[in-house]
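> Structure of the sequence below:
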Amino acid sequence: MKDTELQMQEQEQSPAKKPYNIRERKIKNAAYRGMIRPELADELYDKIMNIVVFQKKYKDPNYSARDLAKELKTNTRYLSAVINSRFGKNYSCLLNEYRIKETLHLLVDKRYAEKNVEEISALVGFANRQSFYAAFYKNMGETPNAYRKKHSDKKIRI
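This next block holds a predicted model:
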């Protein structure tokens with residue numbers, strides 16, 4: 001009995017290991033973020049939404065923050081500051097969020113039923129399996145296969 005209690009106490013004291021090496025986000029307070037004029041930040045926000053979301057640049061696994069900054073005729077520091085302040089995340093997390101949103105539709109779409117999860121991840125712009133699984137788990141709290149199974153079961157029952 002004492003051994004079991006001791007083990008339980010050790011488990012409670014040790015930090016829980018998170019799957020896929022997900023770490024808590026540390027909020028940094030960079031001085032340059034407050035230096036951007038609100039009008040410029042709003043303008044960049046609209047342009048970012050247009051390029052990343054509406055033109056679906058997130059599907060290109062090689063589309064970098066530098067590419068976006070060049071397209072917006074700004075520098076990466078301004079771009080980063082706008083993304084951090086307006087979206088509340090960094091560039092990679094922003095792209096991954098839209099990739100995951102599209103993945104959710106494709107995983108349950110009957111037209112993509114024959115495609116495996118890795119093929120779908122490539123379609124939405126992930127360069128490798130590991131980054132896809134980590135981003136999916138971080139956003140959804142479950143694996144892509146578990147999500148697909150859970151939601152395909154619901155569609156069959158209806």
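> what residue lies at the spatial centre of this structure?
Asn96 (3.1 Å; CA atoms, centre = their mean).
> OK, contacts around that residue?
Taking CB atoms under 8 Å, 6 or more residues apart in numbering as the criterion, Asn96 is in contact with Phe126, Ser131, Ala135, Lys138, Asn139. C-beta coordinates here come from the backbone N, C-alpha and C atoms, glycine included.
> so what's the third one closest to, chain neighbours aside?
In this case it means Ala135. Ranked by CB to CB, 6 or more residues apart in numbering and with sequence neighbours excluded, the top spatial neighbour of Ala135 is Asn96, at 4.1 Å.
> Regarding the one you found, which helix or strand does it belong to?
According to DSSP states H and E, Asn96 maps onto helix 91-108.
> what do you get for Ala81?
When the helices and strands are read off by DSSP H and E, the one containing Ala81 is helix 76-82.
> Now do the buried residues in that helix.
Counting neighbours by 16 or more other CB atoms under 10 Å, one finds that the buried residues in helix 76-82 are Tyr78, Leu79, Ser80, Ala81, Val82.
> could you measure the closest residue to the second one other than its chain neighbours against Ser85, distance?
Distances taken as CB to CB, 6+ apart put Ala69 closest to Leu79, at 4.6 Å, once the chain neighbours are dropped. Look at Ala69 and Ser85: by CB to CB, to the nearest Å, they are 16 Å apart.
> Looking at these two, which one has more neighbours?
Ala69 (18 against 15; other CB atoms under 10 Å).
> on that earlier part again, what's the helix holding Ala81 packed up against?
Using 3 or more CB pairs under 8 Å, 6 or more residues apart in numbering; DSSP states H and E as the contact definition, the elements that helix 76-82 packs against are helix 38-48, helix 65-72.
> Confidence-wise, which of those is weakest overall?
When those are ranked by mean pLDDT, helix 38-48 comes last with a mean of 92.
> Would you mind pulling the contact partners of that helix?
Where contact means CB under 8 Å, 6+ apart, the residues beyond helix 38-48 that reach it are Leu68, Leu72, Thr74, Tyr78, Leu79, Ala81, Val82, Ile83, Ser85, Arg86.
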